[in-house]
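Enquirer: Just need the structure, nothing else, for what follows:
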Amino acid sequence: MPGVERFVQSALRFWEQGRRYEDEGRPLLAARSYTRGLGGFLSYVKLSRAGQLAPAYYAFGALGRETARLCAPRNRHSALQNARMALAASHYADPTCGQVASVEREVHDGRDRTLYALTLGHHDQVLTAEMRIAGAADARDLLASLLGDEAATRPSAMGVWPIGSGDGTGRGRFGYWQDKKRYMQAVLPSCAGLGEFRERRCLREEADAYFAELRRVAPHYDPGPRPERGIG
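Expert: I've put the predicted structure just below:
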């Protein structure tokens, strides 16, 4: 397959393989396949010169959230890293760029711009603004559900890279690993510098605001159930 497009196809194949392993009750193999899929998406968004990367970032974020939820019962550290990767990718896919006040405008304008999702079999699924916004909100919910124990969080899963900040890391293997480290330590600009408990509160408040605004401007859109919340 020519050029960087091969990374997308490889990512989708590993995603599909991981789901098969999950269905067979083999979570470790599923996690490995998902991790390789995430690497494919990261390589693509890093190297692609395509003008519209939202579908790739949306798929990258969706797989990251799926991976984090798989890892959460077994490996909190890995779950946190994957949740932060998903947060960054979903933020880049979000047409509002993290601005809840822009939800109504983006939902309305998005009806005139047709994008298609990178999916595991439905090649004509339209990727709507609502889906991209809900993905960003869900990434906030997910990360918030994993935060709250600063003493147990290793530095490699702490939010130290405000998404979008800093210079490019360059091409090649070294640049790839630099980028992966950034994604695994991603934090929203609105949460930069906060401790875990304050970051969790901020994420929950932003997720609540996103979902409330989506219900107001797109009442027929169903984003699916939100995760259960613990105390705090």
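Enquirer: residue contacts, P95?
Expert: A54, S102, E106, G110, A129, R132, I133 (CB atoms under 8 Å, 6 or more residues apart in numbering). Every residue, glycine included, has its C-beta placed from N, CA and C.
Enquirer: tell me the least confident of these?
Expert: Checking pLDDT across those, the minimum falls on G110 at 78.
Enquirer: Would you confirm that it contacts A129?
Expert: Yes. Between G110 and A129 there is a contact under CB atoms under 8 Å: 3.1 Å.
Enquirer: Quick one, grab the pLDDT at P227.
Expert: Reported pLDDT for P227: 67.
Enquirer: again but with M158, I slipped
Expert: So M158 comes in at 87 (pLDDT).
Enquirer: about what we covered before: just the ones of the contacts of P95 in helices?
Expert: Among those, the members falling in helices (DSSP state H) are A54, E106, G110, A129, R132, I133.
Enquirer: dump the residue contacts of the residue nearest to P189 when sequence neighbours are not counted.
Expert: Distance criterion CB to CB, 6 or more residues apart in numbering; nearest residue to P189, sequence neighbours excluded, is P162 at 4.9 Å. Going by CB under 8 Å, 6+ apart, P162 touches V187, L188, P189, A192.
Enquirer: Which of these sits closest to R215?
Expert: Nearest to R215 among the contacts of P162: L188, at 21.8 Å, using CB to CB.
Enquirer: OK, contacts around the closest one?
Expert: L87, H91, G98, R140, P162, I163, C202, L203, E206.
Enquirer: and if we set it to 7 Å?
Expert: L87, H91, G98, I163 (CB atoms under 7 Å, 6 or more residues apart in numbering).
Enquirer: among these, which two are most distant?
Expert: L87 and G98 (10.6 Å).
Enquirer: can you pull the buried residues of the least confident helix or strand in the chain by mean pLDDT?
Expert: Lowest by mean pLDDT, DSSP states H and E among the helices and strands of the chain is helix 172-184, with a mean of 84. Going by neighbour count (16 or more other CB atoms under 10 Å), the buried part of helix 172-184 is Y176, D179, K180, R182, Y183, M184.
Enquirer: just checking, the fourth one touches W161?
Expert: When you say that, I think you mean R182. Yes. The criterion here is CB atoms under 7 Å, and R182 meets it with W161 at 4.5 Å.
Enquirer: Relative to Y92, how far out is F14?
Expert: Distance, F14 to Y92, by CB to CB, to the nearest Å: 21 Å.
Enquirer: residue ranges for the strands of this protein, please.
Expert: 161-162, 186-187 (DSSP state E).
Enquirer: Redo those as a markdown table? Include mean pLDDT and distance to E213.
Expert: Below are the strands of the chain laid out as a markdown table (pLDDT from 0 to 100; distance: least, CB to CB, whole Å):
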| stretch | mean pLDDT | distance to E213 |
| --- | --- | --- |
| strand 161-162 | 94 | 23 |
| strand 186-187 | 96 | 22 |
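Enquirer: and G37, which of the ones you listed is closest to it?
Expert: strand 186-187 (18.1 Å).
Enquirer: residues making contact with the closest one?
Expert: Residues from elsewhere that reach strand 186-187 (CB under 7 Å, 6+ apart): R84, M85, L87, A88, G159, V160, W161, P162, I163, E199.
Enquirer: Need those residues in a markdown table (columns: distance to R216).
Expert: Shown next, in a markdown table, are the contacts of strand 186-187 (distance: CB to CB, whole Å):
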| residue | distance to R216 |
| --- | --- |
| R84 | 29 |
| M85 | 30 |
| L87 | 24 |
| A88 | 27 |
| G159 | 29 |
| V160 | 35 |
| W161 | 32 |
| P162 | 29 |
| I163 | 26 |
| E199 | 26 |
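Enquirer: Okay then, goodbye and thanks.
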